[in-house]
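Asks: below is the sequence, then the predicted model.
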Amino acid sequence: MFNASIKTDAGEMGGYIARPKGAGPAPAVVILMEVFGVNRFIRRIADHWAEQGLIALAPDLYWRIRPGIELDPETDGHRDQALKTRGGMNVDLAAQDVEACVRHLRALDGCSGKIGTSGYCLGGLLAYLSGVRGTADANVSYYGVGIEGYLKEAEALGAPLLLHIGGTDAWTPAPVRRALDAALAPLGAEAHIYEGVGHAFAREGASADVPAARALANDRTKAFFQRTLGLD
């Protein structure tokens, strides 16, 4: 399942890496998983961004709990397992692991040195934390869950931030969206609300997938990475 290994403070973390076809140096993106781990949907997202010209690395951020946890939102019982596993995650250590991935990619042959993150659900929170704690050059949060609990750190935002939020996502109701806007808009963060769209709308091929919203969000992300990472 994994074809990459990333050195961290506590050992080696596995990951899935997808590379673009071009021969020249390319920017890179850390694909930050949902609560289900590095599964078929996350690998497809990594493949998508490789097709767009980025080196894409999806790290196994549950590795400190148990390496190789892979759950599927389309399988009965896996959602409960995913939420239980998420409950056992140390978010601060996970944020450190994301930064380890940024360092890994900057040193990787074929990388231009420009690194972004793109996170989904749990990963959307970690993408935000990368912006306030890490050194990535740009960060994208797709339907991030729990960012509102870390807004006291917002003033430390040190890189461009893009957020994609479903207008009917139960994890980000209107009061949460207002809190995010009040804290992050003055710092230059860019946010898009997708009206009538729920959680996980960019999970390609899943029951939650909303192809039109996914395509629009991905187009906006690509333009964002073109501006911030030098993506062709």
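Replies: All right, it came through fine.
Asks: what's the pLDDT at Asp232?
Replies: pLDDT for Asp232: 89.
Asks: one more: Ala23?
Replies: Note on Ala23: pLDDT of 72.
Asks: that one: neighbour count?
Replies: Ala23: 7 surrounding residues under other CB atoms under 10 Å. Every C-beta, even on glycine, is put in place using the N, C-alpha and C of the backbone.
Asks: walk me through which strands the helix or strand where Leu162 lies pairs with, and which way each runs.
Replies: Using DSSP states H and E, Leu162 maps to strand 161-166. In the sheet, strand 161-166 lines up against strand 138-142 (parallel), strand 190-194 (parallel) (DSSP bridges).
Asks: got the buried residues for the helix or strand just after that strand?
Replies: Sequence-wise, the next helix or strand downstream of strand 161-166 (DSSP H and E) is helix 174-184. Neighbour-count burial for helix 174-184, with 16 or more other CB atoms under 10 Å as criterion, is recorded at 176-177, 180, 183-184.
Asks: sorry, back to before: okay, the strands paired with strand 161-166, which one's buried deepest?
Replies: For the strands paired with strand 161-166, the largest average neighbour count (mean count of other CB atoms under 10 Å) is found in strand 138-142, namely a mean of 30.
Asks: ok and that one relative to helix 174-184, angle-wise?
Replies: 170 degrees (axes from the mean of the first three to the mean of the last three CA atoms, to 10 degrees).
Asks: CA atoms of strand 138-142 as PDB?
Replies: In PDB, the C-alpha atoms belonging to strand 138-142 read as follows (Å, rounded to 0.1, in the frame of the first residue of the first chain):
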ATOM      1  CA  ALA A 138       0.600  27.200   1.000                       C
ATOM      2  CA  ASN A 139      -2.200  25.200   2.600                       C
ATOM      3  CA  VAL A 140      -5.600  24.100   1.500                       C
ATOM      4  CA  SER A 141      -8.400  22.800   3.700                       C
ATOM      5  CA  TYR A 142     -11.300  20.900   2.200                       C
END
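Asks: for it, report the contacting residues that lie outside it.
Replies: Strand 138-142 is contacted from outside by 116-121, 123-125, 127-128, 130-131, 147, 159-164, 202, 217, 221, 224-225, 228-229, using CB atoms under 8 Å, 6 or more residues apart in numbering.
Asks: helices - which of these land there?
Replies: Among those, the members falling in helices are 123-125, 127-128, 130-131, 217, 221, 224-225, 228-229 (criterion: DSSP state H).
Asks: and these as a markdown table, adding neighbour count and distance to Tyr142?
Replies: Shown next, in a markdown table, are the ones in helices among the contacts of strand 138-142 (neighbours: other CB atoms under 10 Å; distance: CB to CB, whole Å):
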| residue | neighbour count | distance to Tyr142 |
| --- | --- | --- |
| Gly123 | 31 | 8 |
| Gly124 | 28 | 5 |
| Leu125 | 23 | 11 |
| Ala127 | 30 | 8 |
| Tyr128 | 29 | 11 |
| Ser130 | 30 | 14 |
| Gly131 | 26 | 14 |
| Ala217 | 23 | 7 |
| Thr221 | 23 | 8 |
| Phe224 | 20 | 12 |
| Phe225 | 25 | 14 |
| Thr228 | 20 | 16 |
| Leu229 | 22 | 17 |
